[in-house]
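Enquirer: Task: produce atomic coordinates for the following.
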Amino acid sequence: MAWTTNDIPDLTGHVAVITGANGGLGLESTRALAGAGAHVVMAARNQSKAAAAQADVLSDHPAASLEVVELDLGSLERTKTAAASIAAAHPEIDILINNAGLMAMPERRTADGYEMQFGVNHLGHWVFTAGLMSSLLTAGSARIVTVTSTAHHMGKPVDPTNIDMEGEYSPWGAYGRSKLANYHFGIGLDARLRDAGAQARSLIAHPGLSNTNLQVHTAQEGGAGSSGKFFKWLAATTGMPPERGALPQLRAATDPTAKGGEFYAPRWINFGKPVRVPILRRGNDEAIKTLWMVSESTTGVTIPLTK
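Expert: Down below sits the predicted model:
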């Protein structure tokens, strides 16, 4: 039988943190986890949208336990502040879903001067995860789920000599690179947690083709040209609704049979029920080592693997 939100176990007493919880996959993940009894920290940049999303979830689950925290992944300092605030309030965190992201936008820089898609999709989540790691390790068998994309197949590993793609930028190339970084981050983090003897586990997931505002924003910004408009149309006409697109990350976060280092995605690549899929490119250890080196050197943050 297909895995659904009805298969999420009772999460009463558990704490979950979701980035980009104010819309799309993040909102549906919030709805599902809160409905299962978890206290959900909704980490999002746009606070008015986050408040509306909170009200939306409460309309479905009046007894839901929700908390909104401002998170700007485009600023390392603000990301550190958000993580510190959440960690101080929650000494134990059971689930972290690194869900927020940007797609195929015109060339821009973060507050710290880094290429925006890599900066938000990867570096921001690197710093955020590091700031919550003590609480994740204290919780014992915590799950860290990082959301990648089928676009990771077209991505190239980060070049440490040109982190910001100077003179080489393309909207889809930068997006693919950031999603490959998410892919490598999730796999690499689980290996390092195991080596450290930690009980926390890291998994990866992708939503397939889901009809969310991600494609709308890409088309509106125009950086991807006609391809942005095409994917907006494709998602609107053939994409899965966000509640179905969120199922792979929810399964990775909650299925008792899921194991660290696994990858969850729709069965038919972009459509279908959420299933475990093979890890391709697992052997690219050198790319993962380079990603760790670049992430530590650019952010000045090392992810702690012991309490």
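
Enquirer: In the chain, spot the helix with the most residues.
Expert: helix 171-195 (DSSP state H).

Enquirer: where do the strands sit along the stretch 1-150 of the chain?
Expert: Using DSSP state E, counting those that start in this stretch, the strands of the stretch 1-150 of the chain run over 15-19, 39-44, 65-70, 95-98, 143-147.

Enquirer: can you put those strands in a markdown table and add distance to Lys307, mean neighbour count and mean pLDDT?
Expert: (Glycine included, C-beta is placed from N, CA and C.) Supplementary listing: the strands of the stretch 1-150 of the chain in a markdown table, determined by distance: least, CB to CB, whole Å; neighbours: other CB atoms under 10 Å; pLDDT from 0 to 100:
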| stretch | distance to Lys307 | mean neighbour count | mean pLDDT |
| --- | --- | --- | --- |
| strand 15-19 | 16 | 29 | 99 |
| strand 39-44 | 20 | 27 | 98 |
| strand 65-70 | 22 | 16 | 98 |
| strand 95-98 | 16 | 29 | 99 |
| strand 143-147 | 15 | 27 | 98 |
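
Enquirer: Mind putting the ones you listed into JSON lines with distance to Glu262?
Expert: Output for the strands of the stretch 1-150 of the chain, formatted as JSON lines (distance: least, CB to CB, whole Å):
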{"stretch": "strand 15-19", "distance to Glu262": "19"}
{"stretch": "strand 39-44", "distance to Glu262": "23"}
{"stretch": "strand 65-70", "distance to Glu262": "28"}
{"stretch": "strand 95-98", "distance to Glu262": "15"}
{"stretch": "strand 143-147", "distance to Glu262": "10"}
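
Enquirer: out of the ones you listed, which comes closest to Ala88?
Expert: Evaluated over the strands of the stretch 1-150 of the chain, closeness to Ala88 peaks at strand 65-70, with 11.2 Å, by CB to CB.

Enquirer: which one is Glu296 nearest to, not counting chain neighbours?
Expert: Leaving out its chain neighbours, the residue that sits closest to Glu296 by CB to CB, 6 or more residues apart in numbering is Thr302, at 5.5 Å.

Enquirer: do the same with Ile288
Expert: Gly188 (4.0 Å).

Enquirer: you'd agree that neighbour is up against Ala287?
Expert: No. With contact defined as CB atoms under 8 Å, Gly188 and Ala287 do not form a contacting pair (9.1 Å).

Enquirer: These two: which is more packed in?
Expert: For Gly188 against Ala287, the residue with the higher neighbour count under other CB atoms under 10 Å is Gly188, and the figures read 22 against 18.

Enquirer: Could you report the distance from that one to Val145?
Expert: Between Gly188 and Val145 the distance is 14 Å, computed by CB to CB, to the nearest Å.

Enquirer: And for Gly167?
Expert: 35 Å.

Enquirer: so what's the residue nearest to Ile288 up against?
Expert: By CB atoms under 8 Å, 6 or more residues apart in numbering, the residues touching Gly188 are Ile288, Leu291, Trp292.

Enquirer: Adding neighbour count, distance to Ile269 and pLDDT, write these out as a markdown table.
Expert: As requested, the contacts of Gly188 are arranged in a markdown table below (neighbours: other CB atoms under 10 Å; distance: CB to CB, whole Å; pLDDT from 0 to 100):
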| residue | neighbour count | distance to Ile269 | pLDDT |
| --- | --- | --- | --- |
| Ile288 | 22 | 23 | 95 |
| Leu291 | 23 | 24 | 98 |
| Trp292 | 18 | 28 | 98 |
